[in-house]
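Participant: here is a sequence together with a model predicted from it:
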Amino acid sequence: MSQGSEALSYDIFLNLEVADGQDLFRSDANTDRYGLIPQTPTPGTNPDGLPIGISKTVATNPRWKGEYIAITCAACHDSELTYKGKRIRIDGGAGNHFDFLGYVYALDDAMQATLTDSAKFDRLAARMGATSPDAKAALRQRYESEAQIVHVFRTRTLVTPGPWGPGRLDAIAGIVNRVTADKPGIPENWSTPLAPTKPPFVWNTPQSSWTQWRGAQQDPIDRNLTEAMGVLMPMDLHSKTPAEGLFDANAELLNLEKIDDLLARLAPPKWPEDVLGKIDRKKAAEGKVLFVANCTRCHNSYPYTWTAPNKYGKSFIEVGLVQQKYVGTDPGQFEDIRPYAITGQLAPYLPGPFAGKDLIPTGALYVILQKEVLETALSKLQLTDEEKLKIHGYREFPLPSPTPGVYKAAPREGVWATGPYLHNGSVPNLYEMLIPAAQRTKKFYVGREFDPVKVGVDTSGNSGKFLVDTTIRGNSNAGHSFENGPMGNGVIGPLLTEEQRWALVEYLKSIPEEDGQITPFGGPPNPKTGHGDWGN
């Protein structure tokens, strides 16, 4: 299902070679190299055998008409765990093997190589049936334009001092750069992506009070369209006036709504005992007692504490919001974006106190522009009042302002399948989440093999060669530490014994306790209410 993104033409993608050979870029071998999950062709739904997370976009906006290839939600939220030759599909988890940055860089390398190597271009043209001089010239003109889009995405939007590796991307800087710098044509607004982050798991997301690692969003259509903006959704932020197309976009809002509806039915994955080993139920029960005593101040637990019903009768899972200074984890997400941005040609269309200003806070410009694009797209749909409520997830407006400087502490059901841990993937397994932070592994390999004992990734280097160095900016594995001392400043619990740590690991393996443990959207009939905040 398309979310409106357009990376490059569908026919070019199907026939493009890798940079350093004649194998097709879309081949299963190359797909697997960068951690996407290959799929066999399926008539009707996937006739060309695209991998999970890559789909065809048939543009509905006539300004960007055509058939394109693009990344979808599943690229970053579907994964596979491998253990002793068996594979476990995790839908809606953290795409812990997909090297997003590596994939984009490799795509740019392939496109640039085909631009400069006439033999490569001739083979591309032949595969696409462009054999006459006129057909080849037309193809080359189209190809050059699309190669430039990918090249800008690599060299401006995502350029960074070092690789992020599998399972991580700086989505905040990438999206803000596209919205405030690249698309408006104001390169001075660019921010260096310095906070690589693992995608969070998304089961229970539509049902939750806050989403994103920073607990910054409630409106599902706003959140999901923003993600599409970051991965090459066409949008006009450079025209002089709305009448000339300013704020127009290839926004597939109804598709995004369908995806969110599906997520509301997605259950967290249950530990597969037939593959990963039996759970010690006695030890897990001991761990549950420890979890309640040490973790539920921040992490809500099933069947969850819920917000009071809003005026539409909907309740939401209370999500803990914890001050970064309290939990002590890497602060990069709050230091990633330059403080101010130039407004340029957009100044006359900014609301309220920002109208006509040459310079405003970058965050404010970003929010204003994404809202303008969203409202422009919504206006084209001519929704009924009920349809408007639904597409906004029955949220009550005006929405509360997000609390600055907090991290979200979501419920832990299914967390066993989402290592490595912390928002930046700097802790290899659940066991190390329960020890003093100073004792954690400072450098480790991210492997594809699953570790069912400590519960996380293989760090041996045998199944993955990317080295996570937690001394590099953005990679800190500090905080969320269990040690003796005053609470706060990174200490969130007491020093645990070895027996207690392993009991907690066993409990985290055991939840959810039931297959298909789907949480009702809008809350149970008589929800409990309370607060999930700690350290605010």
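Facilitator: Arrived safely.
Participant: which secondary structure element contains the closest residue to E273 other than its chain neighbours?
Facilitator: Distances taken as CB to CB, 6 or more residues apart in numbering put I279 closest to E273, at 6.2 Å, once the chain neighbours are dropped. For glycine as for every other residue, the C-beta is placed from the backbone atoms N, C-alpha and C. I279 belongs to no helix or strand when assigned by DSSP states H and E.
Participant: equivalent analysis for K371, please.
Facilitator: Using DSSP H and E, K371 sits in helix 362-381.
Participant: any idea of the pLDDT on P527?
Facilitator: Predicted confidence (pLDDT) for P527: 59.
Participant: do you know how far the residue nearest to E273 is from V457?
Facilitator: As for I279, its distance to V457 is 20 Å (criterion: CB to CB, to the nearest Å).
Participant: neighbour count for these two, which is higher?
Facilitator: A direct count of neighbours by other CB atoms under 10 Å for I279 and V457 places V457 higher, at 28 against 15.
Participant: list the contacts of the more buried one.
Facilitator: 96, 419-420, 428-429, 444, 446-451, 464 (CB atoms under 8 Å, 6 or more residues apart in numbering).
Participant: quick one: secondary structure of the residue nearest to R412 when sequence neighbours are not counted?
Facilitator: Nearest residue to R412 in three dimensions, chain neighbours excluded: H299, at 5.3 Å (CB to CB, 6+ apart). Using DSSP: H, G, I helix; E, B strand; the rest coil, the structure places H299 in coil.
Participant: isn't H299 up against K408?
Facilitator: No: between H299 and K408 there is no contact under CB atoms under 8 Å: 10.1 Å.
Participant: what do the two both touch?
Facilitator: G320.
Participant: next, find the distance separating the spatially most central residue of the chain from G425.
Facilitator: Centroid-nearest residue in the chain, with CA atoms, centre = their mean: P199, separated by 4.0 Å. The gap separating P199 from G425 is 10 Å, by CB to CB.
Participant: which residues do the two both contact?
Facilitator: G167.
Participant: still on that earlier bit, what's the pLDDT at the residue nearest to R412?
Facilitator: 97.
Participant: gap between it and G447?
Facilitator: Taking CB to CB, one finds H299 at 27 Å from G447.
Participant: who has more neighbours out of those two?
Facilitator: Per other CB under 10 Å, whichever of H299 and G447 has more neighbours is G447, with 22 against 19.
Participant: which residues are in contact with that one?
Facilitator: By CB under 8 Å, 6+ apart, the neighbours of G447 are V457, D458, T459, S460, G461, N462, S463, G464.
Participant: residues near the fourth one, how many?
Facilitator: S460 sits with 12 neighbouring residues when counted by other CB under 10 Å.
Participant: out of the contacts of V457, which sit inside helices?
Facilitator: In helices, judged by DSSP state H, none of the contacts of V457 are found.
Participant: of the residues you listed, buried ones?
Facilitator: For the contacts of V457, a burial check counting by 16 or more other CB atoms under 10 Å picks out 96, 419-420, 428-429, 444, 446-451, 464.
Participant: cross those residues against strands and list the overlap.
Facilitator: F444, V446, F450, D451 (DSSP state E).
Participant: out of the residues you listed, flag the one nearest to Q333.
Facilitator: V446 (20.0 Å; CB to CB).
Participant: so what's the closest one scoring on pLDDT?
Facilitator: Taking V446 on its own, its pLDDT is 97.
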